[in-house]
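Participant: Fold the following and give me the result.
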Amino acid sequence: MTRPATTGVLCALEEEHVHLRRHLVGAVSVRDTGMRFDTGALDGRPVVLAESGMGKVNAAMVATALVERFGAGALVLAGVAGGLDPGLRVGDVVVADRTVQHDAGMVIDAVHTTYQPGHLPFFNPTDRLGHSLPSALESRIRARLDGLSLPPLSNRAGGSGDPPRVVVGTILTGDRYVGCEDTRERLHTELGGVAVEMEGAAVAQVAEGYGVPWLIVRALSDLAGREATFDFATFADEAAVRGALVLRRLLPALEA
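Facilitator: Numbering: from 1, shown residues only. All right, here's what the predicted structure looks like:
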């Protein structure tokens, strides 16, 4: 198997970023275009870790820098997300097999229709919607997840005593925070979204443009549109631990 020369790992939030940085061996910080990048090794694999900030533009900027400046041969995004699937709970982890920009498209007569970014039905039309993992990579990811068990979250972090589930499914991306029950139901029903966040599809689009593989791992911080009663600071720390476990488990899947 051939490893990518370097894997670029992005996190939107400091709470996610600082936890992963603790696991870097031989970490060296580099400043480029006003941003900090930490180079080092994660489980013996060369990585560059960066905190992108929230939103699609920030994520795309950092993803591009990871490829252009650091020669990343794969892009990985890790962090938290809102749950859309009512069958999931706070603390469950979603790995994307497909990602869609739910806020891209067109509005006609006050009705929003999601469409592939850069395309419209009447201009440069396409049948595509979102970005999907190649079947071989998806198979390797599912194989790596087989038998994985995560420790339960504490009560303060919203845990129920059961170990968090790890599922593979569609993650939706948009620059709008979703805190609306009706929107949660629509995104789940119309687009098949399992989780929603603000960066993943942008990273996948950059990765596809450069011809490098991508991986998105998200721990659910809330069920979008439903009030979550837990200590977010505690959850963010505990979710970072579980997200890191899943990420580290899946990094070998990027090797082809």
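
Participant: any idea where the helices of the stretch 151-256 of the chain begin and end?
Facilitator: 181-191, 200-210, 232-250 (DSSP state H, counting those that start in this stretch).

Participant: May I have the longest one as CSV, with CA atoms only?
Facilitator: Output in CSV follows, covering the C-alpha atoms of helix 232-250 (Å, rounded to 0.1, in the frame of the first residue of the first chain):
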residue,chain,number,x,y,z
PHE,A,232,-21.1,21.8,26.0
ALA,A,233,-17.5,22.4,27.3
THR,A,234,-17.4,19.0,28.7
PHE,A,235,-19.0,17.5,25.6
ALA,A,236,-16.5,19.2,23.3
ASP,A,237,-13.6,17.7,25.2
GLU,A,238,-15.1,14.2,25.3
ALA,A,239,-16.3,14.4,21.7
ALA,A,240,-12.8,15.4,20.7
VAL,A,241,-11.4,12.2,22.3
ARG,A,242,-13.9,10.0,20.5
GLY,A,243,-13.5,11.8,17.2
ALA,A,244,-9.8,11.4,17.4
LEU,A,245,-10.2,7.7,18.1
VAL,A,246,-12.3,7.3,15.0
LEU,A,247,-10.0,9.5,12.9
ARG,A,248,-6.9,7.6,13.9
ARG,A,249,-8.7,4.3,13.2
LEU,A,250,-9.6,5.5,9.7
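
Participant: chain center to that helix, what's the gap?
Facilitator: Mean C-alpha position of helix 232-250 versus that of the full chain (C-alpha atoms, centre = their mean, to the nearest Å) differs by 12 Å.

Participant: Flag the shaky bits of the stretch 151-256 of the chain, pLDDT-wise.
Facilitator: For the stretch 151-256 of the chain, applying pLDDT under 70 flags the ranges 157-159, 224-234, 236, 256.

Participant: Sort out which residues of stretch 116-126 are buried, please.
Facilitator: 116, 117, 119 (16 or more other C-beta atoms under 10 Å). (Glycine included, C-beta is placed from N, CA and C.)

Participant: Next, format the residues you listed as CSV and append pLDDT.
Facilitator: Shown next, in CSV, are the buried residues of stretch 116-126 (pLDDT from 0 to 100):
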residue, pLDDT
116, 89
117, 89
119, 88
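
Participant: will you turn these into TSV that also has distance to residue 199?
Facilitator: Listed next are the buried residues of stretch 116-126 as TSV, based on distance: C-beta to C-beta, whole Å:
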residue	distance to residue 199
116	18
117	14
119	21
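
Participant: Now do the strands for the stretch 101-250 of the chain: every range, in order, please.
Facilitator: If DSSP state E, counting those that start in this stretch is used as the criterion, the strands of the stretch 101-250 of the chain fall at 105-108, 111-114, 131-132, 166-173, 193-197, 214-223.

Participant: Pull up the pairing partners for the fourth one, direction included.
Facilitator: Take DSSP bridges as the rule and strand 166-173 pairs in its sheet with strand 93-101 (parallel), strand 193-197 (parallel).

Participant: how far away is the residue nearest to the spatial centre of the chain from residue 171?
Facilitator: Of all residues in the chain, the one closest to the mean position by C-alpha atoms, centre = their mean is residue 216, 3.5 Å from it. Residue 216 sits 6 Å away from residue 171, taking C-beta to C-beta, to the nearest Å as the criterion.

Participant: between those two, what contacts are shared?
Facilitator: Here residue 216 and residue 171 have 96, 99, 200 as joint contacts, going by C-beta atoms under 8 Å, 6 or more residues apart in numbering.

Participant: residues in contact with the second one?
Facilitator: Yep, that's residue 99 we're talking about. Each residue near residue 99 by C-beta under 8 Å, 6+ apart is listed here: 130, 131, 170, 171, 172, 173, 200, 201, 204, 216.

Participant: residues near the residue lying closest to it once chain neighbours are set aside, how many?
Facilitator: Residue nearest to residue 99 in three dimensions, not counting chain neighbours: residue 201, with 4.3 Å by C-beta to C-beta, 6 or more residues apart in numbering. Using other C-beta atoms under 10 Å, residue 201 has 30 neighbouring residues.

Participant: Bridged to the nearest residue to residue 243 once chain neighbours are set aside, which residues?
Facilitator: Take residue 243 and drop its neighbours on the chain: the residue closest to it by C-beta to C-beta, 6+ apart is residue 219, 4.7 Å away. For residue 219, the beta-bridge partners are residue 80, residue 93 (DSSP bridges).
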